[in-house]
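Participant: The sequence and its predicted three-dimensional model are supplied below.
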Amino acid sequence: MQREESFAVDVLTFPSSHYALKAEKTCKDAGICVALIPLPRDISADCGVSLIVRPDMLREAEMLLEEKGVPLDGVHHIMREGREARTWKQLLNA
């Protein structure tokens with residue numbers, strides 16, 4: 001029996017979708033691989049968008065966003081399995 005694939009990411013949340021979009025552009029322009037996703041329900045029931053980044057790139061992304069004045073609401077480490085894990089892995093070129 002094959003084991004289900006799992007993948008860990010850090011989810012960055014923002015005060016508004018405006019900041020999430022700004023963070024995505026800022027990170028991508030700096031060569032940090034991120035992906036904009038709907039805010040996962042296990043983080044908040046609110047509608048909105050968030051950014052996923054590989055855990056090994058988190059510190060670099062946080063420092064860049066702070067330097068550029070893009071406010072964060074929070075950072076959440078989450079694990080996904082199966083199809084969602086494969087999708088997120090593809091989004092982050094991991």
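Facilitator: Good, I have the coordinates.
Participant: Give me the buried stretch members for the lengthiest helix in the chain, please.
Facilitator: Criterion DSSP state H: the longest helix present in the chain is helix 17-29. Buried residues in helix 17-29, counted by 16 or more other Cβ atoms under 10 Å: 19, 20, 22, 23, 24, 26, 27. Every C-beta, even on glycine, is put in place using the N, C-alpha and C of the backbone.
Participant: ditto for stretch 80-94
Facilitator: Buried residues in stretch 80-94 (16+ other Cβ under 10 Å): 80, 85, 88, 89, 92.
Participant: So what touches the longest helix of the chain?
Facilitator: Residues outside helix 17-29 that contact it (Cβ atoms under 8 Å, 6 or more residues apart in numbering) are 12-14, 33-36, 48-51, 53, 61, 64-65, 68, 70-72.
Participant: now that helix, how far from the centre of its chain.
Facilitator: 11 Å (Cα atoms, centre = their mean, to the nearest Å).
Participant: Could you do stretch 41-55 as well?
Facilitator: 7 Å.
Participant: So for it, mean pLDDT?
Facilitator: On average, the pLDDT along stretch 41-55 is 88.
Participant: Residue 61 contacts residue 32, correct?
Facilitator: Yes. Residue 61 lies in contact with residue 32 (Cβ atoms under 8 Å); the separation is 5.2 Å.
Participant: Neighbour count: the two, which is higher?
Facilitator: Using other Cβ atoms under 10 Å as the criterion, residue 61 and residue 32 rank with residue 61 on top: 24 against 19.
Participant: quick one: the helices in this protein?
Facilitator: 17-29, 58-67, 82-91.
Participant: Quick one, which of those gets closest to residue 6.
Facilitator: helix 82-91 (5.4 Å; Cβ to Cβ).
Participant: Low-confidence bits of this protein, can you list those?
Facilitator: 1-3 (pLDDT under 70).
Participant: most centrally placed residue in it?
Facilitator: For the chain, residue 52 is the residue whose C-alpha lies nearest the centre (Cα atoms, centre = their mean; 1.1 Å).
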